[in-house]
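pasting the sequence and the predicted coordinates here, then a few questions.
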Amino acid sequence: MLALAFVPSDGGGGSAAGTLIMLGMFIAIFYLLLIRPQRQQQKRHREMVDSLRRGDEVATIGGIVGKIIHVKDDRLTIRTAEDTRLVVERDKVARRFAAGTDEES
């Protein structure tokens with residue numbers, strides 16, 4: 001009975017070209033749905049982080065909101081309250097608030 005499982009069948013065998021086409025389609029769908037959007041999001045974040053300037057109001061990944069008062073190469077000093085200043089890495093800024101919007105309401 002076990003020997004019958006390994007006997008090649010004459011009909012219904014798929015071709016190698018069909019298998020390669022299916023594999024190629026799978027890779028293309030995976031790229032279009034997962035890899036490409038993530039790379040575009042990383043590119044937008046990198047551009048936003050590179051364009052940060054003194055006076056911009058930002059929110060960090062941890063949820064801290066403040067205004068940039070000093071910019072160094074890879075670090076930012078943000079003022080979160082009257083006398084509170086935090087030094088954060090540039091990459092840890094999640095977003096920049098648009099100028100003129102009031103996010104506190």
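Received, thanks.

any idea which helix or strand comes after the longest strand seen in the chain?
When the chain is parsed with DSSP state E, its longest strand is strand 65-71. Once strand 65-71 ends, the next helix or strand along the chain (criterion: DSSP states H and E) is strand 75-79.

quick one: strands adjacent to that following strand?
strand 65-71 (antiparallel), strand 85-89 (antiparallel) (DSSP bridges).

what's around A28, how many residues?
10 (other CB atoms under 10 Å). For the C-beta atoms, the positions are set from N, CA and C on the backbone; glycine is no exception.

what do you get for K92?
14.

wait, it touches G62, no?
Yes - using CB atoms under 8 Å, K92 is in contact with G62, at 7.4 Å.

can you tell me the average pLDDT over the longest strand of the chain?
Confidence over strand 65-71 (mean pLDDT, whole number) is 95.

ok, stretch 29-40 next?
On average, stretch 29-40 scores 94.

endpoints of it, how far apart?
One end of stretch 29-40 to the other measures 16 Å (CA to CA, to the nearest Å).

and it, how far from the chain's centre?
10 Å (CA atoms, centre = their mean, to the nearest Å).

do the same with stretch 54-62
18 Å.

now it: mean pLDDT?
Mean predicted lDDT for stretch 54-62 stands at 95.

related to what we said a few turns ago, hmm, who's touching the longest strand of the chain?
Outside of strand 65-71, the residues within contact range by CB atoms under 8 Å, 6 or more residues apart in numbering are 52-60, 76-80, 85-86, 97, 103.
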